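Quick one: sequence and predicted model below, then my questions.
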Amino acid sequence: MSALPGLVKRSYEMLKAIEGIENYTWEEVEGLYSIVGKDLGQSAKALLDERHDGAGLHFMKVIAKHIREAVEAKDEGKKVILIPFNFPPELIHAFENAVPLTTEVMSTIGVVSLEGQGEPYWDYAMSLGIPDYVCSANTIELGSALMSVEALEFTPDAIISGAPGSCDVNSKIHEFVAEYLGIPELTIDKTGGGKTDYQLYRKLFLRMVNELEKFVGEEIDEDRIISVTERANECTELYWELHELKKHSPCPVPNMFTLFTYGTRFTMWGRDEAVSMLEKLVDVAEKRLRRGEYPAEREIARSVWVYTGYYIDLYDLWIWMENNGISYLTDGLNSFFPNQFEIETKEDALESIVSSAWNYPMTRQMGADNMGIQWFEDLTYLAKDLNANCAIYCGHHSCKQTQSVFRIFRDEANKIGIPVLRLDGDAWNRRITPVSVLQEMILDFVQNVVAKKRRRRRR
Amino acid sequence: MSLSKIHEIAATLENEYVRKWKSEGNAVVGHACIAMPKEMAEAGKILPFRLRGAGNADTSTADSYLSRYNCSLCRSCLELVLNGSYDFLDGFVRVRGCDHWMGTFDEIAHARKPEFVHYLKVPHLVNEDTLEFFAGEIKRLKEAFEGRFGVEISEDEIVRYARIQDKINEKMREFYKLRFRKPNFYGSDAIAVMVARESLPSDIFFPLLDSAMAEKRKIDYRAKVLLAGSPLDEIELVRKIEEMGALIVAETTCFGGGAFWNMVEYDGSDVYEFLARKYLENLKICARMFGEYAYRKNFIKSMAEEAEVDGVILQHNKFCDLFGIENAKLRMDLEKEGIPTLVLEKEYASTADIGRIKTRVQAFIERMGR
């Protein structure tokens, strides 16, 4: 159908240019906006916002490298493994001859950096008969991957499916693509949150590692995996430092730092690039704290987004919230509760990766014995820890698991005095609910529920 | 006579046999998946009763618990739980099926706080690790039943009921074959039989099925069709499709042949390992099992050939991710092999959908050249 190149190919070309940028002025960003048009311009304005002090550019360079390594891997005789966001990329980084490419990160990059966002790729998937209620987070990238049969896109060599037990739609769309493209799929499964569930998960994970070693044609080298997991430990330390900084009120950590954190987690964790990214985030936030800087004059709401954020317009949502006194403290995708591990052997390193995978966002909550309760416990723990005064749920129509237990979450949150806003809209597809409507609903909630509650408490 | 009795049972939730069963001091537990080991429950005098929507299209209260983005069959069942229609149940087994069902059971626990809800964890993969795990899960279910209902479930009794299930499965296959070449029953009869099986003690169901099989009907039709896809207990919908001339002669769904056609018989091995293998292997007919797409495609193809059908209807409820995505691939592959295929997306028991469905079925019959 369309002769438009695939998402990865287009992103690769575009982000190559970003890797060369060093310093920029706000005037240049404004100028860029007028050249590249609104879709990309809004993202550029958000990412390069002066409050980020260069962290947005740093982040884009990290992502650019993630994509470049995948695209160029073929020429270097390496295998490209498509992984879902809920799978630790450090396992793939431990291979000399394999590189990861993360489905949902690619969809997000398509949405924030390409003219027409992810729409052409979504439409391609729909044209094959895939129903319109599947998840745009993966279907945009996977729709693009399907175009590889027409040589319009880059083809991954294998797919890892990490969502059985925590998200049917994610697992199923990955399976569809593996079947359609005729490439191998390696699958793990989470049956619940108990001890025997962990034992099974671990066995299946290690079985998958074994299959991956055979597929890549390389046994993971002990020194290399130890080095990767040591970097992961450093990332973890920095993650918690940033978390601590978010506890300050007003919050000195810009809203988008949450997105930068998990964007890094899902792609480069265990690499020097991730360590330097997180160091940058902590450094900028510490400086802001010392200078007493907060994005808005007054912090009205300290929000925890209990699942995903919206990526259809970074400027008019993430930056707009800052401008309106709404702190975005963290969200469900950032709730991976990383741990540091003692690593001395390859086995230790693998065990640490299994444990990280088990605690991944969505896997941890939706793969629990009771989805609603685990979700509530994790997110309200974060809300309390970060002194949040409200919670917001981006009601993406594809998230059947969270949608099905949202009532449990809301009832339990209300019991402990956390008001919850439920939005309706697709986080990766602007056709569903326009940004202006989302802004209206968020502002209405913050001004009439959160701010009033705060005033009542003061009286 | 027996066939009309079966239809009557299928149209009722708490049927007369369930009432009798309970009056004798026995328990009834609700579940929603064919991975539920029936013989385990019956060996402890616990009737496994499969939740169904019974044609209920009103989901107004359930929608305030689940969302409009969840499967309408689940919402229908939740509505019936919330309005008390399932109050005869003594508890629930939350058999791991799909995300929609998991949320439904979590909401049941949240809203109704039943005294017994046990989570039977069913893996999404079949290999030696998952089979070993599932055997352990079945033992855990046994212990939960014993603890909650004060019964003792012996291995001998499990084996006895396993052999009864084998006999029923064999009889069901015979019944299905009566629909293949020269059909003697409607698809709506077959769905009613399956629904009745999921709602009755096995010693009641077996003779009822046996005598119903003698009540052969004279059937007129234009085309023979196989029905595949997501769980479907909508007898009325099937009746409407058949009124158009598309006779359903086989189903691979879990309210159809998928529930028993490939089920293995007891082979004298360790009873828990056997049950794990029996139920997990059979579950490969469900789109929730990963890495088994080829198995399902071949199952549909072989049953279509055996039943000599003119085409296949792949149906699913709106928002069913598993079958919604799978049906897109199946349609491509079956059509490629020359099997006319219709993908039908619908809402559970929605009368508003009937006109649209009739038009599509009519067009499909024309496409099959009938």
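Arrived safely, thanks for sending. None of these values were measured; they are calculated from a predicted model.

going forward, measure contacts between C-alpha atoms and count neighbours the same way
Will do.

Show me what the helix or strand containing residue B:171 is packed up against.
Using DSSP states H and E, the element containing residue B:171 is helix B:155-177. Under the contact criterion of 3 or more Cα pairs under 8 Å, 6 or more residues apart in numbering or on different chains; DSSP states H and E, helix B:155-177 touches helix B:38-42, helix B:202-212, helix B:271-282.

who touches it?
For helix B:155-177, the surrounding residues in contact (Cα atoms under 8 Å, 6 or more residues apart in numbering or on different chains) are B:39-40, B:42-43, B:190, B:202, B:206, B:209-210, B:213, B:249-250, B:257, B:260-261, B:263-266, B:271, B:307.

what do you get for stretch A:27-45?
Under the contact criterion Cα under 8 Å, 6+ apart, stretch A:27-45 has outside partners A:48, A:112-117, A:313-316.

Just give the closest residue to residue 48, not the sequence neighbours.
In the absence of a named chain, chain A is used. Excluding the flanking residues, the one nearest residue A:48 by Cα to Cα, 6 or more residues apart in numbering or on different chains is residue A:56, at 5.4 Å.

You answered for a different chain; I wanted chain B.
The shortest distance from residue B:48 to any non-neighbouring residue, by Cα to Cα, 6+ apart, is to residue B:29 (5.2 Å).

Wasn't the one you found part of a helix?
No: Residue B:29 is assigned strand when assessed by DSSP: H, G, I helix; E, B strand; the rest coil, not a helix.

That one and chain A, how far apart?
Residue B:29 is 19 Å from chain A, where distance means Cα to the nearest Cα, to the nearest Å.

mind listing what that residue touches?
B:46-49, B:89-93.

CSV for those, including neighbour count?
Shown next, in CSV, are the contacts of residue B:29 (neighbours: other Cα atoms under 10 Å in any protein chain shown):
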residue, neighbour count
B:46, 23
B:47, 27
B:48, 26
B:49, 26
B:89, 21
B:90, 20
B:91, 20
B:92, 24
B:93, 24
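
which among the residues you listed gets closest to chain A?
If you rank the contacts of residue B:29 by distance to chain A using Cα to the nearest Cα, residue B:93 comes first, at 12.7 Å.

what helix or strand is the closest one on?
Using DSSP H and E, residue B:93 falls in strand B:92-95.

Please tell me how far that strand is from the chain's geometric centre.
Here strand B:92-95 is found 15 Å from its chain centre; the criterion is Cα atoms, centre = their mean, to the nearest Å.

contacting residues around the closest residue to residue B:208 other than its chain neighbours?
Spatial nearest neighbour of residue B:208, chain neighbours left out: residue B:2 (5.9 Å); criterion: Cα to Cα, 6+ apart. Counting by Cα under 8 Å, 6+ apart, residue B:2 touches B:208-209, B:211-212, B:215.

same thing with residue A:414?
Listed by Cα under 8 Å, 6+ apart, the contact partners of residue A:414 are residue A:420.

three-state assignment of it?
Recorded secondary structure, residue A:414: helix (three-state DSSP).

Would you check how far apart residue B:175 and residue B:246 are?
Shown here: residue B:175 relative to residue B:246, a distance of 19 Å by Cα to Cα, to the nearest Å.

With residue A:439 instead?
Separation of residue A:439 from residue B:246 (Cα to Cα): 50 Å.
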